[in-house]
Each structure stands twice: as C-alpha cells, then as structure tokens.
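Visitor: When you get a sec, could you give me coordinates for this:
(one chain, ligands or ions: 1)
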Amino acid sequence: MRRKLLLGNWKMNKLASEAKEFALQSKALIQKAKENNVDMGVAPTYLSLQAVKENASKDMIVAAQNVHFKESGAFTGEVSIPMLKELGLDWVIIGHSERRTYDNETNEKCHLKMEALLANDMVPVYCVGETLAQFEAGQTKEVVKEQVEVGLRGLDLSKLSRLVVAYEPVWSIGTGKNASTEIAQDVCKFIRDVMRELLGDVADEIRILYGGSVKPENIRAYLSCPDVDGALVGGASLKIESYEGLLNNIL
Ligand code: PEP
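Guide: This next block holds a predicted model:
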C-alpha cells in the first residue's frame, strides 16, 4: 500500500524568516496529515532548509531542491549530500524541469545524483515530463521513457522502494494549464509499467506524483487516479491556507 504524499516546491521563493513562520504555522496540519496516513512536506531554498527543519514538526518532510553528486571538491556554488545530512535532511528533488531547462540537468546527471542519494539512504524525488512541443508532437511517452530509463537503470534495487517519481508535464508547470486526469493517470501508469520492466516488482512500491498547476480545487481528482500517489505542488504550496487546502481536500 503506497502512502499518499504531498510535497510543496517553493522554488526561489521565501526569505528564511518567512520559511520559519510557515514551518511554525504548519505544525498542526502536519499532525493531521500524519493521523490520516499522508506524508507532507516542502522543498525550501538551501538558505531556508535549516530554519524549516528546526521549526517544523519532526514529521514534516523537508527536501532540498537540488544536490551535487560528489561529496566535496571544487564545485563553486554547489551543495553536497553530507552537507544536507548534517542538517538532518533525507529528501532531494532531482531533475525538476526548471533545472533541466536553465541548469543543464541532463538525464545522466540525474542518474549520478540519484545513485549518490540512494547510497546515502536518502530519498530522491525524480521529476520527468515532456515540453509543450513534445506533447503536441505526440512524444510524451517516448520522452518520459528515456528519462526513466536513463535516470533509473542500474540503481541499487534494494533501495529503490524509497524512490519517488514526479510526472510533471512542463507545459502545465506554473501555467494554470492542467493536464487532464486522464493524461495524468495514463502517463503515471505508463511510468510504472516502464519501471516494472526495468526494475521488477519494486515498481509497485515506488510512489508516483503528478505535478503541474495542482490546487486545492483540483487535487482530489488527481489523487483519485489509481497510479497517482500524490502531488508535487509549486504555487499552491506557498501560502499556508492553500497548503492546508491541499490536504483538507484529499481527506
Ligand atoms: C512545480 O514547481 O513542480 C510545480 C508543479 O509548480 P506549479 O504547481 O506552480 O505548477
């Protein structure tokens, strides 16, 4: 049985002081999520990770938005896995489309990062999804299959049940243009089938999220899909009221 998961991606938003305030305000909500078997968390910027970790409920998932695959070295501007672990963090988003677009995050790089994360018993949230041009050209499954295969092939099978995959059609992120629930279910099921072929039965334990303009008003429909185990939410995770609405509307 896969537990439901709601993860907010704050992107480059919130000062550390604002992030701390949110963490404090979210305590009762995270307790409610726990009581209802929902895992819930946020991915703040690096500079706010410590403030959120120290002030949120211990049950809140606190994820980094990126990490380097090397432990240390001459990589100006980067942050390593041991640095995150020192803060008590276990979760990292990998391959978000904004990083793929602006920071040359390739499938191969994602693979190296996930390999390093799993070796350190951490949880990668691997984002995949097609651009608008690819969607319009009918290439969604081809693109997603390659992202899944290159990203996941050869990873340590014994640790893969902790992996989370997020299907985020790029044309739907931050645009208010939702993928229909039919598309979300169809592609999430396809991802599970590709993973089953590649990795075996562990595919049934891996949680798959939908992401792209998810809001309190539409989240229930996505989470009713059998292969959608939760949501990765950008804009609607920034205000405590709508973050709360996301949970309340799936209970
Ligand atoms: C995201 O940042 O991953 C995302 C899905 O954003 P939004 O919910 O704003 O579309």
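Visitor: For the stretch 101-250 of the chain, which segments count as helices?
Guide: 107-119, 132-136, 140-152, 181-199, 219-223, 240-248 (DSSP state H, counting those that start in this stretch).
Visitor: Enumerate the residues of this structure near the ligand.
Guide: Neighbours of the ligand within the chain, by Cβ under 6 Å from any ligand atom: 9, 11, 168, 173-174, 211-214, 232-236. Just so you know, the C-beta spots here come from the backbone N, C-alpha and C atoms, and that holds for glycine as well.
Visitor: Output those residues as TSV; include the columns distance to residue 86.
Guide: Below are the residues of the chain next to the ligand laid out as TSV (distance: Cβ to Cβ, whole Å):
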residue	distance to residue 86
9	23
11	24
168	29
173	31
174	32
211	28
212	33
213	35
214	32
232	25
233	28
234	27
235	31
236	31
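Visitor: so where do the strands sit in this structure?
Guide: Using DSSP state E, the strands of the chain run over residues 4-9, 38-43, 61-64, 91-94, 123-128, 164-167, 207-211, 230-233.
Visitor: JSON lines please, covering the ones you listed and showing distance to residue 158.
Guide: JSON lines is the format used below for the strands of the chain (distance: least, Cβ to Cβ, whole Å):
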{"stretch": "strand 4-9", "distance to residue 158": "21"}
{"stretch": "strand 38-43", "distance to residue 158": "21"}
{"stretch": "strand 61-64", "distance to residue 158": "22"}
{"stretch": "strand 91-94", "distance to residue 158": "19"}
{"stretch": "strand 123-128", "distance to residue 158": "15"}
{"stretch": "strand 164-167", "distance to residue 158": "17"}
{"stretch": "strand 207-211", "distance to residue 158": "17"}
{"stretch": "strand 230-233", "distance to residue 158": "23"}
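Visitor: need the helices of the stretch 101-250 of the chain in CSV with mean pLDDT, can you?
Guide: As requested, the helices of the stretch 101-250 of the chain are exported to CSV (pLDDT from 0 to 100):
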stretch, mean pLDDT
helix 107-119, 98
helix 132-136, 96
helix 140-152, 98
helix 181-199, 97
helix 219-223, 98
helix 240-248, 98
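Visitor: before we move on, back to that, let's have the strands of the chain in JSON lines, adding mean pLDDT and mean neighbour count.
Guide: Converted to JSON lines, the strands of the chain look like this (pLDDT from 0 to 100; neighbours: other Cβ atoms under 10 Å):
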{"stretch": "strand 4-9", "mean pLDDT": "98", "mean neighbour count": "23"}
{"stretch": "strand 38-43", "mean pLDDT": "98", "mean neighbour count": "24"}
{"stretch": "strand 61-64", "mean pLDDT": "98", "mean neighbour count": "24"}
{"stretch": "strand 91-94", "mean pLDDT": "98", "mean neighbour count": "24"}
{"stretch": "strand 123-128", "mean pLDDT": "98", "mean neighbour count": "26"}
{"stretch": "strand 164-167", "mean pLDDT": "98", "mean neighbour count": "28"}
{"stretch": "strand 207-211", "mean pLDDT": "98", "mean neighbour count": "26"}
{"stretch": "strand 230-233", "mean pLDDT": "98", "mean neighbour count": "27"}
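Visitor: Tell me who's in contact with the residue in the stretch 101-250 of the chain positioned nearest to the ligand.
Guide: Closest contact between the stretch 101-250 of the chain and the ligand, by Cβ to the nearest ligand atom, is at residue 234 (2.2 Å). Neighbouring residues of residue 234 by Cβ atoms under 8 Å, 6 or more residues apart in numbering: 8-11, 173-174, 211.
Visitor: ok, residue 137 - contacts?
Guide: Per Cβ under 8 Å, 6+ apart, neighbours of residue 137: none.
Visitor: ditto for residue 107
Guide: Per Cβ under 8 Å, 6+ apart, neighbours of residue 107: 95, 146-147, 150-151.
Visitor: Recalculate using a threshold of 6 Å.
Guide: Shown in contact with residue 107 (Cβ atoms under 6 Å, 6 or more residues apart in numbering): 147, 150-151.
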